[in-house]
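Visitor: build me a model from this:
(2 chains)
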Amino acid sequence: MIRALILSAALIATPALAVQPDEVLADPALEARARALSKDLRCLVCRNENIDDSNADLARDLRLLLRERLVAGDSDTAAIEYIVARYGEYVLLNPTSQGSNLLLWIAGPAMLLVGGGIAFAYVRRRDRAEPAATELSDEEEKRLAEILQE
Amino acid sequence: MIVELGHFALILALFVALIQTVMPLVGAQKRWSGWMAAGEAAASVQFMLLTFSFGALTYAFVTSDFSVSLVVSNSHTLKPMLYKVSGVWGNHEGSLLLWSLILALFGASVAWFGSNLPPTLRARVLAVQGSIGVAFLAFMLLTSNPFLRLEVPPFNGQDLNPLLQDPGLAFHPPFLYLGYVGMSVAFSFAVAALIEGRVDAAWGRWVRPWTLAAWIFLTIGIALGSWWAYYELGWGGFWFWDPVENASFMPWLIGAALLHSAIVVEKREALKAWTILLAILAFGFSLIGTFIVRSGVITSVHAFANDPERGVFILLILAFFMGGALMLFTVRASAMEAKGLFAPVSRESALVANNLLLAVSCMVVFVGTIWPLVAELVWDRKLSVGEPFFNAAFTPFMVVLALLLPLGAIMPWKRAVISRSLRPLMPAMVLAVSLGLLAYALQTGRSALGPVGLGLGAWVVFGALTDLWQRSGRGSINNRVGRIMRLPRADWGKAVAHGGFGVTVFAVAAMMAWQVEDIRTMNVGENFDLKGYTITLASVEDETGPNYYTTMAAFDITRDGKYIATVHPEKRVYPVAAMPTTEAGIDYGFTRDLYVVIGDAQDNGSWAVRSYYKPFANWIWGGSILMSLGGFISLADRRYRVAAGNRAAKIKAVPAE
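Guide: Below is the predicted model:
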């Protein structure tokens, strides 16, 4: 039993760190760009992790590919486009605002505008409305007073 | 035998829940007091049956009864006792049983402590609560029975997911469920009020403590989960905008809005229909969260059981309760005529703004969470929505909320004048702006994130203090301090919770703006500098835990030659579950955490090491603790005590001697 445990332990790969020391570029400015871009790229085999945080091998491949492109002189957009062309839009954690995604981006401001309009109309109405007559029966008033006491 | 009894109790609980749904509902309609009272007995009995059932499952886990299928797939004899117990809810079936138990607990609490409620309202609340119980108990018995036996029991189990074998995560789910399920009481009150056709100040007072309790538990649950992610996942993040995190965050946001709008119902008899809608939505988002976690339609770090059949069942539960409640709402909402009048500039309007910001920010999170699903179904686009989107789309709402909060909190009811309310806040504003400018001048980078976060956080915290000070009236300092100490607990709760929000806003911004990271390889005996601290790799050793193997490093931390601490980051391997985990080595401090993670051995014998200087990390959770503490203080206010009115009546009945 114990021997089986030790054997199986030896077979399991230990976790690697996200960004490995040997990946880091010598040029700090270039490395900083790579780190920033990595945060917006998804590790495709993980669940909702970016490649900068992920321990997966595929994430490491993507990190190396990204750095390769940056060293080759690509701009940030060109490097990202290069990766999207190979891995699809799914790789972007920061969705584009093109096509139907426009809806996603304007949803918040649009809801704020509509909600704000409704809220404003409501507040105006509360300002002008006539005070409503009290609809509680005597018994209910008594009970309410009891509860509200203290 | 005990397992079968637990199973039997579960089936009985389903029938009792059915009785709890039908009898009080009919009784309230026909004014039969006997039938109405049956709901209370049923709620207590249902709770006792589920307690027994849960106890039976716990017994199976503690005694490692490997003839039960669930125990086999989630336990192991070598596992420490704490995780044998927490393994009960560390899986889909068991957590569903915990969910149902908590649901029954809340139902029974309404029966036990709701004696001051009008009998028909209490009966209807219990009936709605019972119907939710019916749905979840049927769901459990039909698709996710925790008590299934195996014909041939194995010698040992497959162990609990190692990530879940952690004290932080052992208690994260129960708190989260107390929050999720607690929202069901607000829902039941809302639906009962719709059936009754009336909402008044007393209703606002009754529903608020339940919502407050649920919100407090949700706050604690979310904070525990975030703290766990911080020290366990190994890269020091605390929030990832993962669908499952969002699932708990959405009811929290709506719950916060509901807490505030219920105040307006109680004090000013306005915003009634809106408050009812929020109460329905808060529980709706809890159900959506359940759906997201358990159906597997949206990929996430911690999805549970990915069974489409279960997903469909939850979707049906969601459709039934939300559809039914919203339909009832459209029919009856117009009857909720508001009474209180107020000017466009007033506390009421400020609370409307609070509700608008919280509700819309929740909808932004919701849209972002389901967008990948929608895009794939409608436009056949496979895409991701991650952290960068939420940071950009959600944060502005919190910034505006923090800007408005101190002013809104200090404005009087009915009618306010902005300049008059702003005047006492001037010191707080000047202090906040100067702190922000100071931070901007001192920091090295040009990022505005840190200074803005500090300014906003300080504005909210000092604003909360100003609010307390203002409430003390005039007179000598001594008198005013005395009066502050005697202020109602609700006022203290408000100040503490608002202060906690400010602390969290500041800490999140500070950590994101001023964190320092270092990645390197190093040999034992070497050291490096991190933000003025010298970190030395003292040793790396292999050791054995109760059910895992570990590579444990020791890092000595010194500053200017003075010893500060030794941290022990680990790499663990759990052989049974065949899973590695990392344990970060953290030196916790008041103004900073030093966070060290050990990585792989390199070919030349050195070790990969990743370390962080994390400013004000603890303040994130400190702020959350303050928020929930504020909730507790407010809950302890005599006016909100559930049986407050009742007790006063009893005291009066004592004859004078």
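
Visitor: residue contacts, the residue of the stretch 251-400 of chain B found nearest chain A?
Guide: Closest to chain A within the stretch 251-400 of chain B is B:Gly386: 2.9 Å, counting by C-beta to the nearest C-beta. Bear in mind the C-beta positions are built from the backbone N, C-alpha and C, glycine included. With C-beta atoms under 8 Å, 6 or more residues apart in numbering or on different chains as the criterion, the residues that contact B:Gly386 are A:40, A:42, A:48, A:50, A:93-94, B:241.

Visitor: may I ask which of these has the most neighbours?
Guide: Among these, the one with the most neighbours (other C-beta atoms under 10 Å in any protein chain shown) is A:Asn50, at 25 neighbours.

Visitor: from A:Arg86, how far out is the nearest residue to that residue once chain neighbours are set aside?
Guide: Distance criterion C-beta to C-beta, 6 or more residues apart in numbering or on different chains; nearest residue to A:Asn50, sequence neighbours excluded, is A:Lys39 at 5.2 Å. Note on A:Lys39: its distance to A:Arg86, by C-beta to C-beta, to the nearest Å, is 19 Å.

Visitor: kindly report the same for B:Ile102.
Guide: Taking C-beta to C-beta, one finds B:Ile102 at 48 Å from A:Arg86.

Visitor: low-confidence regions, chain B specifically.
Guide: Applying pLDDT under 70 to chain B flags the ranges B:295-308, B:337-338, B:446, B:639-657.

Visitor: sorry, back to before: which one of A:Lys39 and A:Arg86 has more residues nearby?
Guide: A:Lys39 (15 against 10).

Visitor: next, the contact list for the more buried one, please.
Guide: A:50, A:52, A:93, B:387-388.

Visitor: kindly recompute the last result at 10 Å.
Guide: For A:Lys39, the contact set (C-beta atoms under 10 Å, 6 or more residues apart in numbering or on different chains) comprises A:50-53, A:93-94, B:386-388.

Visitor: now the residue of chain A found nearest chain B. Nearest residue, chain neighbours left out?
Guide: As assessed by C-beta to the nearest C-beta, chain B sits closest to A:Leu93 within chain A, at 2.9 Å. Spatial nearest neighbour of A:Leu93, excluding adjacent residues (C-beta to C-beta, 6+ apart): B:Gly386 at 2.9 Å.

Visitor: quick one: name whatever helix or strand follows the helix or strand containing A:Gly116.
Guide: Under the criterion of DSSP states H and E, A:Gly116 resides in helix A:101-128. For helix A:101-128, the succeeding helix or strand toward the C-terminus, using DSSP H and E, is helix A:138-148.

Visitor: so B:Leu404 touches B:Val352, yeah?
Guide: No. Counting by C-beta atoms under 10 Å, B:Leu404 stays clear of B:Val352, with 11.0 Å between them.

Visitor: by mean pLDDT, point me to the weakest helix or strand of chain A.
Guide: Within chain A, no helix or strand scores below helix A:2-11, which has a mean of 41 by mean pLDDT, DSSP states H and E.

Visitor: now do the same contact list for the most centrally placed residue in chain A.
Guide: Against the mean C-alpha coordinate of chain A, by C-alpha atoms, centre = their mean, the closest residue is A:Leu93 at 7.0 Å. A:Leu93 makes contacts with A:39-43, A:48-51, B:241, B:383-390, as judged by C-beta under 10 Å, 6+ apart.

Visitor: for the contacts of A:Lys39, which one is nearest B:Tyr83?
Guide: A:Asp53 (26.0 Å; C-beta to C-beta).

Visitor: poorly predicted segments of chain A, please.
Guide: In chain A, residues with pLDDT under 70: A:1-17, A:129-137, A:150.

Visitor: and it, what are its domains?
Guide: Split into domains by automatic domain parsing, chain A comes to A:2-91, A:101-148.

Visitor: any bit of the shortest one sitting next to chain B?
Guide: Yes. Judged by C-beta under 10 Å from any C-beta of the partner chain, domain A:101-148 comes into contact with chain B through A:101, A:103-116, A:118-120, A:122-136, A:140, A:143-148.

Visitor: which parts of the stretch 151-300 of chain B sit against chain A?
Guide: Going by C-beta under 10 Å from any C-beta, the residues of the stretch 151-300 of chain B near chain A are B:155-156, B:198, B:200-202, B:205-206, B:233-237, B:240-245, B:266, B:268-271, B:273-274, B:298-300.

Visitor: same thing but at 8 Å, please
Guide: B:200-202, B:205, B:234-235, B:237, B:240-243, B:270, B:299-300 (C-beta under 8 Å from any C-beta of the partner chain).

Visitor: okay if I get the residues you listed as TSV plus secondary structure?
Guide: As requested, those are exported to TSV (DSSP: H, G, I helix; E, B strand; the rest coil):
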residue	secondary structure
B:Asp200	coil
B:Ala201	helix
B:Ala202	helix
B:Arg205	helix
B:Gly234	coil
B:Trp235	coil
B:Gly237	coil
B:Phe240	coil
B:Trp241	coil
B:Asp242	coil
B:Pro243	helix
B:Ala270	coil
B:Thr299	coil
B:Ser300	coil
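
Visitor: what's the ChimeraX line that selects buried ones from the residues you listed?
Guide: Selection of buried members from those for ChimeraX, criterion 16 or more other C-beta atoms under 10 Å in any protein chain shown:
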select /B:200,201,202,205,234,235,240,241,242,243,270,300
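
Visitor: between the residues of the stretch 151-300 of chain B next to chain A, which sits nearest B:Ala325?
Guide: B:Asp200 (19.8 Å).

Visitor: that closest one reaches A:Leu144, doesn't it?
Guide: Yes. Shown here, B:Asp200 and A:Leu144 form a contact pair, counting by C-beta atoms under 8 Å, at 7.3 Å.

Visitor: any idea how far B:Ala108 is from B:Arg122?
Guide: Remark: distance between B:Arg122 and B:Ala108 (C-beta to C-beta) = 13 Å.

Visitor: what's the answer for B:Ala273, then?
Guide: 30 Å.

Visitor: what does B:Ala138 give?
Guide: In this view, B:Ala138 and B:Ala108 are 20 Å apart by C-beta to C-beta.

Visitor: the two - which one has more neighbours?
Guide: B:Ala108 (22 against 15).

Visitor: touching chain A at all, the helix or strand harbouring the more buried one?
Guide: Using DSSP H and E, B:Ala108 falls within helix B:92-113. No. For helix B:92-113, no contact with chain A is found by C-beta under 8 Å from any C-beta; the gap never falls below 13.9 Å.

Visitor: other SSEs contacting that helix?
Guide: helix B:2-30, helix B:33-62, helix B:69-74, helix B:119-143, helix B:167-196 (3 or more C-beta pairs under 8 Å, 6 or more residues apart in numbering or on different chains; DSSP states H and E).

Visitor: need the ones you listed in TSV with distance to B:Gly502, can you?
Guide: As requested, these are exported to TSV (distance: least, C-beta to C-beta, whole Å):
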stretch	distance to B:Gly502
helix B:2-30	43
helix B:33-62	39
helix B:69-74	41
helix B:119-143	35
helix B:167-196	22
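
Visitor: point me to the residue of the stretch 51-200 of chain B nearest chain A.
Guide: B:Asn116 (6.5 Å).

Visitor: look up phi and psi at that residue.
Guide: Main-chain torsions, B:Asn116, degrees, to the nearest 10: phi -90, psi 0.

Visitor: what about residue 123, neighbour count?
Guide: All of this is about chain A. When counting by other C-beta under 10 Å, one arrives at 19 neighbours for A:Val123.

Visitor: correction: the question concerned chain B.
Guide: For B:Ala123, the count of nearby residues is 28 (other C-beta under 10 Å).
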